[in-house]
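Q: Need coordinates for the following:
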Amino acid sequence: MNSQRGFTLLEVLAALVVFGFVMIGLLQGTRFGLEAWGMQARDNAAQADLDAVDRTLRRLIEGMDPGNERAPPQIHGSASELSFVGAFPTDNAAQGPIDATLRLDAAHRLVFTWSPHLDVRWTAAPPAPHMAVLETGVARFELSYWAGAGWQRDWAEPALPDLVRVHIALIGKQAKTWPDIVVMPRRERPDE
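A: Okay, here's the model as predicted:
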């Protein structure tokens, strides 16, 4: 008498069905994981661009020249443009002071223009300033200035504001509003 027992056809089919469901689940999980990874990589790349612009704006505003008793700070701000004398947004102190402007141009680009600051009057037209595009696809660029009484849309005082708030909204696929950037300009010169 032969007492070997094997699997029936029904048991083999049931095992194959269970194995198929497990494989489908694993494939779906892998696909979901790869899609999530790709989305995270795209978000990280977009965030890196925003971080670079954020750091540059903060360094520029922090680097505004606070002036002194003889020469007050040179700053003129509106809701859409900020011009000032300050430091270049790098660690290179040898760069010297610059005349800087932040504004939104007609092509919806946030631009930073600068030229060396000279305490002289030009007898001819000054050289054209340098320009750097900080961000493209900008729908709105709004500035406001804090002075004891609250936020103001314009600044033409002979002193630096206590705080500067920058509001940026993007257009296109990345249509989102950044969190407001609030920066306090320095109160004394680094060499003092």
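Q: I'd like the next helix or strand past the longest strand belonging to the chain.
A: Secondary structure assigned by DSSP state E gives strand 138-147 as the longest strand of the chain. Sequence-wise, the next helix or strand downstream of strand 138-147 (DSSP states H and E) is strand 150-152.
Q: Just checking, which helix or strand succeeds that next one along the chain?
A: Sequence order places strand 163-170 as the next helix or strand after strand 150-152, per DSSP H and E.
Q: neighbouring contacts of that next one?
A: By Cβ atoms under 8 Å, 6 or more residues apart in numbering, the surrounding residues in contact with strand 163-170 are 53, 57, 61, 77, 82, 110, 135, 137-146, 151, 175-178, 180-185. Bear in mind the C-beta positions are built from the backbone N, C-alpha and C, glycine included.
Q: Centre of the chain to the longest strand of the chain, how far?
A: Here the centre of strand 138-147 is set off from its chain's centre by 14 Å, with Cα atoms, centre = their mean, to the nearest Å.
Q: and it, what's its mean pLDDT?
A: Averaged across strand 138-147, pLDDT comes to 91.
Q: OK, contacts around Gln40?
A: So Gln40 contacts nothing (Cβ under 8 Å, 6+ apart).
Q: For the chain, give me the ranges with low pLDDT.
A: The chain contains residues with pLDDT under 70 at 1-4, 43-49, 91-95, 119-120, 122, 173-177, 189-192.
Q: Could I get the full set of strands for it?
A: When assigned using DSSP E, the strands of the chain occupy the ranges 75-77, 81-87, 97-104, 110-116, 130-135, 138-147, 150-152, 163-170, 181-183.
Q: angle of the fifth one against strand 97-104?
A: Counting by axes from the mean of the first three to the mean of the last three Cα atoms, to 10 degrees, strand 130-135 points 40 degrees away from the direction of strand 97-104.
Q: buried stuff in strand 130-135?
A: 134-135 (16 or more other Cβ atoms under 10 Å).
Q: Direction included, what does it pair against?
A: Next to strand 130-135 in the sheet, as set by DSSP bridges, lie strand 110-116 (antiparallel).
Q: How far away from the center of its chain is the strand it pairs with?
A: Its chain's C-alpha centre and that of strand 110-116 lie 16 Å apart, by Cα atoms, centre = their mean.
Q: returning to that earlier point: separate out the buried members of the contacts of strand 163-170.
A: Using 16+ other Cβ under 10 Å, the buried members of the contacts of strand 163-170 are 53, 57, 61, 77, 82, 110, 135, 138, 141, 143-146, 181, 183, 185.
Q: Fine by me, thanks again.
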